[in-house]
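Undergrad: here's a sequence, model it:
(chains A and B)
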Protein chains: 2
Amino acid sequence: MKQSQTLIPTLREVPSDADIKSHQLLLRAGFIRQNASGIYSFLPLGKKVLQKVEAIVREEMDAVGGVEILMPALQPAELWEMSGRWGTYGPELMRMTDRHNRAFALGATHEEIITSLMRDEVNSYKRLPLTLYQIQSKFRDEKRPRFGLLRGREFLMKDAYSFHSNKESLDHSYEELMRAYSNIFRRCGLNFRAVQADSGAIGGKDNHEFMVLSEIGEDTIAFSDASEYAANLEMAAVTAEYEQQKHSGNSMKRVETPDQKTITDVAAYLDVQAEEIVKSILFIADEEPVLVLVRGDHEVNEIKVKRALDARVIELATTEETIKYLNAKAGSLGPAGVSENVKILADNALKAMGDLIIGANEEGVHFINAKLERDFNVSLFEDLRFILEGDPSPDGKGSIQFAKGIEVGHVFKLGTVYSESMGANILDENGRSKPMIMGCYGIGVSRTLAAIAEQFNDENGLTWPVNIAPYDLHVIAINMKDEVQSQVADELYKLLTDYRYQVLLDDRVERAGVKFTDSDLIGLPVRITVGKRASEGIVEVKIRKSGEVYEVQKEELTDKLQDIFRQLSNI
Amino acid sequence: MKQSQTLIPTLREVPSDADIKSHQLLLRAGFIRQNASGIYSFLPLGKKVLQKVEAIVREEMDAVGGVEILMPALQPAELWEMSGRWGTYGPELMRMTDRHNRAFALGATHEEIITSLMRDEVNSYKRLPLTLYQIQSKFRDEKRPRFGLLRGREFLMKDAYSFHSNKESLDHSYEELMRAYSNIFRRCGLNFRAVQADSGAIGGKDNHEFMVLSEIGEDTIAFSDASEYAANLEMAAVTAEYEQQKHSGNSMKRVETPDQKTITDVAAYLDVQAEEIVKSILFIADEEPVLVLVRGDHEVNEIKVKRALDARVIELATTEETIKYLNAKAGSLGPAGVSENVKILADNALKAMGDLIIGANEEGVHFINAKLERDFNVSLFEDLRFILEGDPSPDGKGSIQFAKGIEVGHVFKLGTVYSESMGANILDENGRSKPMIMGCYGIGVSRTLAAIAEQFNDENGLTWPVNIAPYDLHVIAINMKDEVQSQVADELYKLLTDYRYQVLLDDRVERAGVKFTDSDLIGLPVRITVGKRASEGIVEVKIRKSGEVYEVQKEELTDKLQDIFRQLSNI
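TA: Numbering: from 1, shown residues only, chains lettered A, B, ... in the order given. A predicted model of the protein is given here:
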């Protein structure tokens, strides 16, 4: 492609509304433009990269038996009512009515459509398993679109759905899809982890998110420094063992702690460590009050509390509620002397504590020397806290470290929630009707593009991996008005295109500085500069990522490039 | 692809709501399914065909310098307000509001988005010409979605927009795009014509529709039986010369024609030919009354009237208006004695008529022996009627025939309507600011798929052309439980896949009759049947379209297929 015949509107300035590298660089290098908040156009270079990602996704999906289809963006509300999500999805689901006032959702996801399709077309176990996928625009009205393509309102997604007549078949497909996803992100050059994620209301432990490691990630990953273990922060089980502290035998004693609101304040005021204090937090779980206790230096993990209680809904108590149940406000709560209708849960760490410092359900007052069982009772000890860096890895290998991640993929065992609500049944081997078992598998295609840009850049611009770069080579003539240079550049453009390289030729009449700056910004893997020595048959080859530069005889160019690309492909 | 691993839900019955061949067969052969009125899912086979059409579109668009991009479906209302179309597009434009109550259009077309993009990114003639295209879902809330994919509400379209600094450049791109479109539809195997179309309010004579010839087409094409000439019915100029009839010299005479409402009625009642009667029709053109006269056997072409008057808006007069201006109702109108503020236009044919029979502006009464100029005056003679079969072709070669057509493509010189309203200006060679000149070029990708199905079928099902078929070959074992047959089928599947054929293997345990019926319905170009003679190393090769059958030794199969496909590719 000749640069004069395409649209690559580079920018010198960093756009003021772009606060992360990938967003800034995709705008500056002319890959994308914003049309509205969270809504983007992919310009020629952006579209090329999208297509490369899509091609990899298709190859790997096909390799595990996925079959491609295309479902509509406009989805009748009736289907969403049938699944129950028309009411529960909230304002993120974009909705509209047609000229006959019939309501539609703009596809945020396609479980309803695919389940209704399978319900209508497949009724025997003999036709399963089946994995269908599509690559298509999705619509989600994010409250706060940001980070460019990372959190947009219209974005490209690959979504896949698998259907099974038994659990083993789902397990098998799940494993295959996990492998396909690893292949996809590896081929995109990404540094990523497959992490265990919360299954939310749907349940089932098999639920993995594919996270690209990045400082700007919105999720924290807890991973082992000595194994493959990785989980979302809220999912990581704490298996730490605590050294048992002895109780002094002293009886519980009331102490004044005026105006000391936080654990840190109280510890300083009483001259003790935070881990000697008990943090007491009141939740309302399915409308019942539950007081949760964790060690002062730990943080309560609400998801673990919810799971320990097997609760449907859990919320932090309001001030009204803490007063109603404990006659005190948050910051002064404690377990001693509370009414029996307040259930008390404690994190495992509490069992090992000695003399406890607890809130007295009275402002500006604490109890010291409190003792478990003597001064209050706990109905359940459980793992209720967030894991910390340095905690042992739950798989017993190494210790936990944290990293930030960008979620680019998600695989999930859906089970029968949709097939049951929508009546997608099959007859099994014994002629009995039962709901299909489903898995679902998503990849944010445009988000993956942004994640790659986030991992592949330097101070001068983007540094695309070979598999993903919009073109392989950037051919630049320093001075297009110089006949020899422009002729050699043209000749190389034709030659290298014949060699099946994808070549971008900067044939613009611009200053060399402008061309080099743009070239670095765009970030193709290799640049070939045709300059003064073109008359001697010598051109310059520069590897964008490493900065390595070679002077190469024209005749040796294809051999040299073969070496370089062989090397670059082993990222 | 093994049939057991994909989804091809064939139907034996013709779906009751599908009334044309392509719709019936695409449903029956399991290519598509309807999700809502005018909204479809493409199942695995349908998606394959779509991708083949898309690939041809991309190749031909790239060959004429088109550059692919991807714009969003969600388009801010402000852009449509700027172009003026938010108010004028009507209920076909789907609209919605986001969570912040901001209005959006769902892209029915992308002139606004692309023009705003070009306005923001390009400001010099040096960056032009530029042709940008995308393949993307479009949304139009058709009043009456029908004919399956031919008139849907969500459909796949390739839309392209070219930008120029001068008219010659637009002319050049227009020619190139015309050629690209011809290539695309030819490669799709279609029997089509590029026809001149009405330019509507925008003007300019360069406006062509690509019409696939088909009885179920909604448009009538007038084409020459001896040249390339083809135009939409309403566009075809009438160049007929009429034999001059002499006037009898008799004076105009009032005759009773009680209850004779139509030209046919009056002709029968007076025992004359329809061509001796004048048809008089009152229009309101830009709020002024205009009486239009055509010969009784001709039909008024409103578009020609509008053009002759250079009117902005033209409408048939209401009864209220005919009474107001002519004191009579439609059916009794005539040109004699009408007030001077009613302009009278006549079709060229009238000049050659002798004694005229005209309405008397009085119910149940006509005048006979009327004479032009003596009894009434015509302010303008023009070509105002629809062309008829048998009329001479306007290019002077041959005579006109009619055919019905399905519009699959449209190329159009937009000019500066969008660039002016949206302020997309460039500086020209002299440093003067002027609006970019635009062309736009659409192809209904999913509609093209349906048009192919409409042209390629027989009583047993679809008969895909080689370039477009979802797979090249259908391999069928008559009895999968027969070990030799299933083994040979498997072997051929692998062999032919290695030879880079796209193969569909029917590995289902079904009766042979079911397999053959499905195979004919799906319509892959060539079927290979593995039956009883598989044990002798012999299989049957059948060409779907011609029905030719060969018994072939396994060892000779690839040679035979090479011959067949070479032959089939020369459609």
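Undergrad: give the contact list for the most centrally placed residue in chain A.
TA: Here the mean C-alpha position of chain A is nearest to the C-alpha of residue A:407 (CA atoms, centre = their mean), at a distance of 1.1 Å. For residue A:407, the contacting residues are A:209-211, A:217-219, A:444, A:447, by CB atoms under 8 Å, 6 or more residues apart in numbering or on different chains. For glycine as for every other residue, the C-beta is placed from the backbone atoms N, C-alpha and C.
Undergrad: what about the residue in the stretch 151-300 of chain A positioned nearest to chain B, how many neighbours?
TA: Residue nearest to chain B within the stretch 151-300 of chain A: residue A:154 (4.9 Å; CB to the nearest CB). By the criterion of other CB atoms under 10 Å in any protein chain shown, residue A:154 has 23 neighbours.
Undergrad: next: residue A:396.
TA: Residues near residue A:396, counting by other CB under 10 Å: 11.
Undergrad: need the contact list for it.
TA: Shown in contact with residue A:396 (CB under 8 Å, 6+ apart): residue A:239.
Undergrad: any idea how far it lies from residue A:348?
TA: Note on residue A:396: its distance to residue A:348, by CB to CB, to the nearest Å, is 17 Å.
Undergrad: what of residue A:457?
TA: Distance, residue A:457 to residue A:348, by CB to CB: 44 Å.
Undergrad: could you do residue A:364 as well?
TA: Using CB to CB, residue A:364 is found at 30 Å from residue A:348.
Undergrad: these two - which one has more neighbours?
TA: Using other CB under 10 Å as the criterion, residue A:364 and residue A:348 rank with residue A:348 on top: 18 against 14.
Undergrad: that one contacts residue A:242, correct?
TA: Yes: if you go by CB atoms under 8 Å, residue A:348 and residue A:242 touch, sitting 7.5 Å apart.
Undergrad: what helix or strand is residue A:195 on?
TA: strand A:192-196 (DSSP states H and E).
Undergrad: enumerate the beta-bridge partners assigned to the residue of the stretch 151-300 of chain A closest to chain B.
TA: Note on residue A:154: beta-bridge partners residue A:139, judged by DSSP bridges.
Undergrad: that one and residue A:2: what is the separation?
TA: With distances taken as CB to CB, residue A:154 is found 31 Å from residue A:2.
Undergrad: where does pLDDT dip in the stretch 51-200 of chain A?
TA: Residues of the stretch 51-200 of chain A that meet the criterion pLDDT under 70 lie in A:198-200.
Undergrad: for it, which segments count as helices?
TA: Applying DSSP state H, counting those that start in this stretch to the stretch 51-200 of chain A gives helices spanning A:77-83, A:85-88, A:111-121, A:167-187.
Undergrad: any regions of chain A where pLDDT drops low?
TA: Checking chain A against pLDDT under 70 turns up A:198-205, A:571.
Undergrad: end-to-end on stretch A:275-295?
TA: With CA to CA, to the nearest Å applied, stretch A:275-295 spans 6 Å between its terminal residues.
Undergrad: then stretch A:131-146?
TA: Terminal residues of stretch A:131-146 are spaced 32 Å apart (CA to CA).
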